[in-house]
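Student: after the sequence you'll find the predicted model.
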Amino acid sequence: MATRHPMPNLYYFTIEDESMLAEAFAGLDRDVFAIAYKVAESEDVFVTTAETKQAMDRNDVPYHLLAEEDARRVAVYHSELSREELLDYEDVLKALTLAYRGIAVACVGVNGDSDLGLDLGAEEARFTYFTPPSGHTFILRVFVDRKDAVDFISQRSSDENEAVEWAKTIPLASSEELVTYH
């Protein structure tokens, strides 16, 4: 299970042969939730959690660290159900968000919901999903700027002041403020 870190960081890295990741992750301790996401529109850049990086370091997995991102700068908004099931996976959700070069992510439903109230075809690239080891598959909306988050949340849940306030207080204004890894 993912762990909480006092100074949570997320890490961008490259690896000589990405097939090494699957092999390396298979050899890690069973209590480590090891995960790395390929950054969208990159050929060889991955983003991972502190827990995974520490496990890679302990097991001498050869990689090249490119940059660190302060995980506190990436925002997550939970539904009632996702708060129950995903709270221990926040760093993983933040790494997934960074893989899309997003600054925030909101849980908008679970797989199987009859009506998510979304036009998935129009903005397909901004939606993703996450399934914890045991639980539901959560549908997530990734935001690349605060204005988009405020607009989306306001349209979707105008009666939920908490959600709109969350969107207005996302730490970063846009993905342009994310750490560069080049």
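Tutor: Great, that's in hand.
Student: give me the domain ranges for the protein.
Tutor: 9-71, 72-177 (automatic domain parsing).
Student: tell me the mean pLDDT for the longest one?
Tutor: To tie it back to what came earlier, the one meant is domain 72-177. Mean pLDDT, computed over domain 72-177, is 87.
Student: adding mean neighbour count, write the domains of the chain out as a markdown table.
Tutor: Just so you know, the C-beta spots here come from the backbone N, C-alpha and C atoms, and that holds for glycine as well. Listed next are the domains of the chain as a markdown table, based on neighbours: other Cβ atoms under 10 Å:
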| stretch | mean neighbour count |
| --- | --- |
| domain 9-71 | 16 |
| domain 72-177 | 17 |
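Student: what about the nearest residue to R146 once chain neighbours are set aside, which helix or strand?
Tutor: Of all residues not flanking R146 in the chain, I170 sits nearest, at 4.7 Å (Cβ to Cβ, 6 or more residues apart in numbering). Using DSSP states H and E, I170 is not contained in any helix or strand.
Student: for I170, list the residues it contacts.
Tutor: 75, 103-104, 143, 146, 149 (Cβ atoms under 8 Å, 6 or more residues apart in numbering).
Student: quick one: which of the residues you listed sit in helices?
Tutor: Using DSSP state H, the subset of the contacts of I170 located in helices is 146, 149.
Student: between the contacts of I170, which sits nearest H64?
Tutor: Minimum distance to H64 across those is 24.8 Å, recorded for I103 (Cβ to Cβ).
Student: these two touch, right, that closest one and A167?
Tutor: No: with contacts counted by Cβ atoms under 8 Å, I103 stays clear of A167, the gap being 10.9 Å.
Student: alpha carbons of stretch 175-182, as CSV, please.
Tutor: Extracted C-alpha coordinates of stretch 175-182, given in CSV (Å, rounded to 0.1, in the frame of the first residue of the first chain):
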residue,chain,number,x,y,z
SER,A,175,0.8,23.1,-16.2
GLU,A,176,3.4,25.6,-17.3
GLU,A,177,4.3,26.0,-13.7
LEU,A,178,5.2,22.3,-13.4
VAL,A,179,8.9,21.4,-13.0
THR,A,180,10.6,20.9,-16.3
TYR,A,181,12.4,17.6,-16.8
HIS,A,182,14.3,18.4,-20.0
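Student: need the strands for this protein, in chain order.
Tutor: 9-14, 36-38, 46-49, 64-70, 75-77, 104-110, 127-130, 138-143 (DSSP state E).
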